[in-house]
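Asker: need the 3D shape of this:
(3 chains)
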Amino acid sequence: MRGFSFRRFFAYFKKEGKQILRDPSTFQIAFILPLLMIFIFAYGVSLDAKNIPLGLLLEDTSPTARSLENAFLSTEYFKVTTSYNRKDLINNLTNGHLRGIVTVPLNFSKNLLRGDPAPLQILLDGSEPNTAHFVLNYAQGVIKNWNIQQATAGNPSLNLPINPEQRIWFNPSLKSRDVLLPGSIAIIMSLIGTLLTALVVAREWERGTMEAIMSTQIRISEMFLGKLLPYFLLGLASMTLCVTFSVTLFAVPFRGSYLILLLSTSIFLLAALGLGLLISSTTRNQFVASQISIMLGFLPAFILSGFIFEINSLPWIIQGLTYLLPPRYFVTILQSSFLSGTIWELILPNLFFMLLMALILLGISSKKIVKRLD
Amino acid sequence: MNRASQQGDHKSAIHINNITKIFSDMDRPALDQINASIRCGIMTGLVGPDGAGKTTLLRLMAGLLLPTKGTIEVMGFNTITNSERLHAITGYMPQKFGLYEDLTVIENLDLYADLHDLKEKDKKSTFERMLKFTSLTPFTHRLAGNLSGGMKQKLGLACSLLGRPKILLLDEPSVGVDPLSRRELRKMVLELIQQGMSVVWSTSYLDEADKCHEVLLLNEGKLLFYGSPKELSKRVEGRVFQIDVPLKKRRSLLKEFLNREDIRDGVIQGSKVRLVGAPSFQLEPQDSKWQLVTPKFEDAFVDFLGGGPGGSSMLAEKMPSKKANTIPPIQAEHLTKRFGNFTAANNISFTVQRGEIFGLLGPNGAGKSTIFKMLCGLLQPTEGKALVSGLDLKRSTSKARTKIGYMAQKFSLYGDLSVQENLNFFSGVYGLIGHEREKKIDQMVTVFDLFPYLDSNAGLLPLGYKQRLALACSVMHEPDVLFLDEPTSGVDPLTRREFWSHINGMVEKGVTIMVTTHFMEEAEYCDRISLIYKGINIAIGSPDYIKASASTKKIPDPTLEDAFITLIEKIDSQETRRDH
Amino acid sequence: MRIKKFKKTWYRIKALIIKEILAVWRDKKSRFMLIAPPLVQLIILSHAATLEVLNISLGVNNQDNGWYSHELIQRINGSPYFKYVYEFHNPEDMHSAIDTQKVLIAIQFQSNFSRLIAANQPAQLQIVLDGRKSNASQIVMGYLNLILQDFNVEILKNQGVVVPEPIDIEFRSFFNPNIDYLYFTIPSLVAILSMLLALMVTAMSVSRERENGTFDQLLVSPLQPWQILIGKMVPALVISIAESTLLMIIALFLFDVPFTGSLILLYSSMIIFLLSIVGIGLFISSISHTQQQSILGTFVFVTPTILLSGYATPIENMPLWLQPFTNLLPIKHFFIIIKGIFLKNISATDVWLHTWPMALIALFTLSLAGFMFKRRLG
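Answerer: Residues are numbered from 1 along each chain as shown, chains lettered A, B, ... in the order given. Just a heads-up that it's a prediction; the model follows:
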């Protein structure tokens, strides 16, 4: 960079920094919203299904049926309401107070003893497919388990042929909080990097300061860096806040290397900033800039990153799309860094693709910004 | 065309070589084959009506736009291939001054000092000098957003000067700025020129052009004239007259004059009318009251562009006369407004008569917009009352407001709606219904010649048409009182004349006008003026009365601008004396 | 006289309403931004935002090579949820496949697995899950357990042990027989996207007028503050309702989501819902000085709202103390109504049960916005 003036860069950098500190809305996005989200992920949103309201229709009240009821009562997955009135239960299913009903028919135990088919029926609320699937799987599990136990209970010497020995790595108690809090960093970083940057550049055009700045000796490289660095630092500060709160207040483990966290966040921020600058170079209208930022920055970080919704479950076209967007790589690195420690085979390729994207985005946006008004 | 550079004694500062600039969204070139050599060490004015291409030319000189054809060299540096060297020797102040409103005065200076590569060790002394030069020292730590328009302008100038430029480019630096600040700015720039700087100053205020050494006159992208303003003024020598007229009849007389074939231009100046005759004009013997005066640049400018728009206002002709009424249309009773400890307006009282043009004048930040806003109901007074046609704006707001028309500074129309939609909206909001509404809209379209633009976005109209539309929208409901907030700020003389012919016509029909302005030519149209300073009314009366009251030994026959400044300085000196 | 006055007032407000609609509709770019993003979002998000776990990759380290291990792998492979099965020759490779997220779940058979079962001895099956995907792991484990339980019972039976017959489990899903996720995501997205639009349009409408200087023009007109408020509310309502109608048409004809309930009930509750949202938008607008602040303010409201609304994750999963607070979110109630009307044909009484809380919220947010307006004008 021939003739790069550190001083001019620093002056622009300082100006941008002061503006960040003085506008309450930047502060809101970088610090208030992250805290709010951390709080919500820590206390509110959870993927761990527990105490799902389930109705148990006992048309058969024999001890066998009672023992099945006990099997349901003893799992923590369900909050069971036993009833003998079919209509009541179905009403409650319709209005959403129950998410499923297990019906034990009149001759259930009699048929079971006789070796006749003794079908059980599970009624589900299909309007909540997430919960419906869950209820179906777990209720089946409870019933099958109970069925085998009925056999083994009468015969203490009997062993089950296959004994699953299950180990859950990295997060033995499957706390979704430990997964969601790290992932939320990606959302915040893309808001700061993309949305905020796009808006701030649009504002400089609207207020006419861009024109004055461009008539000075400042070079594009100096301006580019002077704009980038403050939001980069703001992003890092916000990331530090998120990590500190997650680890100290909510006891999310951090097993990886802080250096890699810093490195990957930096690369992701560069990609997000590149996208933000690119958006701002195509539109000078704040409404349009914000809409594009939501489409290309915020939603991918939320939906197409594997943060909450499993990428492998998506239709293949959308899966393909996730490879073109940086958030999926970043969320993978984040969740691993917190929970599994540094696994190079995982970190390196993800870092590489993120870096590639950052370079492409920054490259295009630096080409698109010229020191001219037309 | 006089190529000043060929005179030899001054070398060329900016060499414009056959410049053409075409924007894709315009149907004609913004600039069309411009050639000029701007001389070193003088002030060159860039004048012309709106849409002439002044800003485009300045931006090309500053290397901010790519020319479609041709080249510009500034001190020998090509604006495109050598833009780095160019930016090192030019200072440029864009229209909005280019200040960061959330940074303080000193922070803005510091930023631009670094960007202009001012040496660190020179910073402190330069800042001190600049702050003193611009009298901003007491406001060093105030946010730029909280400065008045005049102070912003000076700070903008200071920022563009930090690189010690050889060439200074100023884009309409005096729009929206009061005469006091304008005069100070001019003084500052002249000082810089004495130190050897070359200045290009674009403006639509032609009294400023008069004070430039040379002017480039642009119209619709073409260079019409390049030379000294005197040279252009000379063309109308012997054709500019002033006539003393009876105060009551000056508006109707002006209309008559303007409708004469042999009169090119005319304006009201207090109790006088100033006229420019066509070349064919012959002074009749009975016109003994016609007094030959020295032509000004503005006279020549209007003449050069083919004369003013004529005197009749179709708008006013179609308007029914307001019924005579004893209730005064505007009454201010002890209006006071406090913001915290700060008193923005202090005990202001006056009454405006039916059919009167009443002007509110004052420096930026003196409180005149606060008073204006209280009068039209945008601000609630802390104490006192504002009455429109006898109705208190605090109580019967809706009824009082149907009697008001309002036209804001920047023609605040809905830029993304079409002309038709704007007309529909404003007529609807003011309660025009059905046939009456259609008739009124048709009338406005005819009067203001809006038909070709009905479907274009209001935001994309030429400035003159924007102003017509804004006026149309504010008078459709035939208000008793029309509030005009700096109605012709940044507007060229031709458009301004047309605007005032409508206003004059409406006043003849009994409409009352309340106007704020920084533009003294405009203040001359007023019947009475109130000069506001530091929240109080320091003088009230006709323009001639105000001028007379400021007459001193040094300036026995002051212009309105002189009077404005003298009266304000008098207050300042009284205060200093009291302080001592 | 009275009627004439009323008519005049209505004409004034009507002019304002038409202007507001034109302001967002006339400009090509902003019209595009009103239509295109919601459509793309509906199509992508309806397929993306589910907690379903499909296409699972399984890692296997089989040191056994007997019949039982092969049979179990076959059974897993035959399940519709598992898509990829990778064989690893040693445990280290298998573990590193978990590490690098090549597989979500891995199972390991000891060399004596089949021998032990054949000899009526219990055999261990090692299962490793990736806890970094807590939701997926939990669900996959459920799938696997069902397969194992059935296999166990069959082995026991073949060994001659008297075991109860496996119980037939039938299931019936109400309202959505195939538990199709689109039935859930599409109505929810209709609610979310119309909320977003109503918010954006109102939040920016005042700050844009303020930045352009046209707000003063409105204030000096005979329109009273409440009339201006109505003039800002109605267009946002109209635009959002138009958009949700468009989205619903796509839902019904492109995605084949059933519609069982009453349109009148849906639209009337939608109006109440949008009113409460418009109140929030106007409130954000009244405290913002610039468009940037309105946009960012909208974000600070929208992100937590969607997270807590029950869309991304079920409300039942939230801690008990937090659940009542979700009743303060209008969209939570509207989710119940819109899904109810689409899928369950719920009664007017049930709709009312969730409409009055929204009406109450609307009343509160609108009066708050009105109060803030008046205060800033005074």
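
Asker: now the end-to-end length of stretch B:211-229.
Answerer: 8 Å (CA to CA, to the nearest Å).

Asker: excluding chain neighbours, give the residue nearest to the residue of chain B found nearest chain A in space.
Answerer: Among all residues of chain B, residue B:98 sits closest to chain A, at 2.4 Å; criterion: CB to the nearest CB. All C-beta spots, glycine's among them, are computed from the backbone N, C-alpha and C. Nearest in space to residue B:98, with sequence neighbours left out and distances taken as CB to CB, 6 or more residues apart in numbering or on different chains, is residue A:212 at 2.4 Å.

Asker: so how far is the host helix or strand of residue A:289 off the chain centroid?
Answerer: For residue A:289, the element it lies in under DSSP states H and E is helix A:286-293. Its chain's average C-alpha position is 23 Å from that of helix A:286-293, according to CA atoms, centre = their mean, to the nearest Å.

Asker: how about that helix against chain B, any contact?
Answerer: No. Figure legend: helix A:286-293 not in contact with chain B (CB under 8 Å from any CB of the partner chain); closest approach 11.2 Å.

Asker: briefly note if that helix comes near chain C.
Answerer: Yes. Part of helix A:286-293 sits near chain C under the criterion CB under 8 Å from any CB, namely A:286-288, A:290-291.

Asker: any chance of the residues you listed in CSV, plus pLDDT and neighbour count?
Answerer: Putting the residues of helix A:286-293 next to chain C into CSV (pLDDT from 0 to 100; neighbours: other CB atoms under 10 Å in any protein chain shown) gives the following:
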residue, pLDDT, neighbour count
A:286, 79, 26
A:287, 78, 21
A:288, 81, 19
A:290, 86, 28
A:291, 84, 22
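
Asker: tell me the one of those residues nearest residue B:448?
Answerer: Nearest to residue B:448 among the residues of helix A:286-293 next to chain C is residue A:287, at 31.2 Å by CB to CB.

Asker: test my guess that that closest one contacts residue C:292.
Answerer: No. The pair residue A:287 and residue C:292 fails to qualify as a contact (CB atoms under 8 Å) at a distance of 10.4 Å.

Asker: ok so residue B:317 is a helix residue?
Answerer: Yes. Under DSSP: H, G, I helix; E, B strand; the rest coil, residue B:317 falls within a helix.

Asker: shaky segments in chain C?
Answerer: Counting by pLDDT under 70, the low-confidence segments of chain C come to C:1, C:376-378.

Asker: who in it is up against chain B?
Answerer: Taking CB under 8 Å from any CB, the part of chain C that reaches chain B is made up of C:7-8, C:11-12, C:14-16, C:18-19, C:22-23, C:26-27, C:30, C:212-214, C:216-224, C:378.

Asker: from the residues you listed, list just the buried residues.
Answerer: Neighbour-count burial (16 or more other CB atoms under 10 Å in any protein chain shown) is assigned, among those, to C:11-12, C:15-16, C:18-19, C:22-23, C:27, C:30, C:212, C:214, C:216-223.

Asker: return the subset of those residues lying in helices.
Answerer: Secondary structure defined by DSSP state H assigns C:11-12, C:15-16, C:18-19, C:22-23, C:30, C:212, C:214, C:216-219 of those to helices.

Asker: and of those residues, the nearest to residue A:71?
Answerer: The shortest gap between residue A:71 and any of those belongs to residue C:30, at 58.9 Å (CB to CB).

Asker: help me confirm that the closest one comes into contact with residue A:290.
Answerer: No. Using CB under 8 Å as the test, residue C:30 is too far from residue A:290 to be in contact (11.7 Å).

Asker: find the closest residue to chain B in the stretch 151-300 of chain A.
Answerer: Residue of the stretch 151-300 of chain A nearest chain B, by CB to the nearest CB: residue A:212 (2.4 Å).

Asker: how deep is that residue tucked in, by neighbour count?
Answerer: Per other CB atoms under 10 Å in any protein chain shown, the neighbour tally for residue A:212 reads 26.

Asker: for residue C:360, same thing?
Answerer: Counted with other CB under 10 Å, the neighbours of residue C:360 add up to 14.

Asker: and residue B:400, how far from chain C?
Answerer: Using CB to the nearest CB, to the nearest Å, residue B:400 is found at 8 Å from chain C.

Asker: and residue B:26, by the same measure?
Answerer: From residue B:26 over to chain C (counting by CB to the nearest CB), the distance is 18 Å.

Asker: just to revisit the earlier point, after the helix holding residue A:289, which helix or strand is next?
Answerer: In the C-terminal direction from helix A:286-293 (assignment by DSSP H and E), the next one is helix A:299-303.

Asker: contacts for that following helix?
Answerer: By CB atoms under 8 Å, 6 or more residues apart in numbering or on different chains, the residues outside helix A:299-303 that reach it are A:186-187, A:189-190, A:307-309, A:322, A:325, A:327, A:331, C:41, C:44-45, C:48-49.

Asker: by neighbour count, which of those wins?
Answerer: Among those, residue A:190 has the most neighbours (other CB under 10 Å), with 31 neighbours.

Asker: quick one on the thing from earlier: out of the ones in helices among the buried ones among the residues of chain C next to chain B, flag the one nearest to chain A.
Answerer: Distances from those to chain A were compared by CB to the nearest CB; the smallest belongs to residue C:30, at 6.4 Å.

Asker: how about the ones in helices among the buried ones among the residues of chain C next to chain B, which pair is most distant?
Answerer: Pairwise distances among these were taken by CB to CB; the largest, 26.6 Å, belongs to C:11 and C:30.
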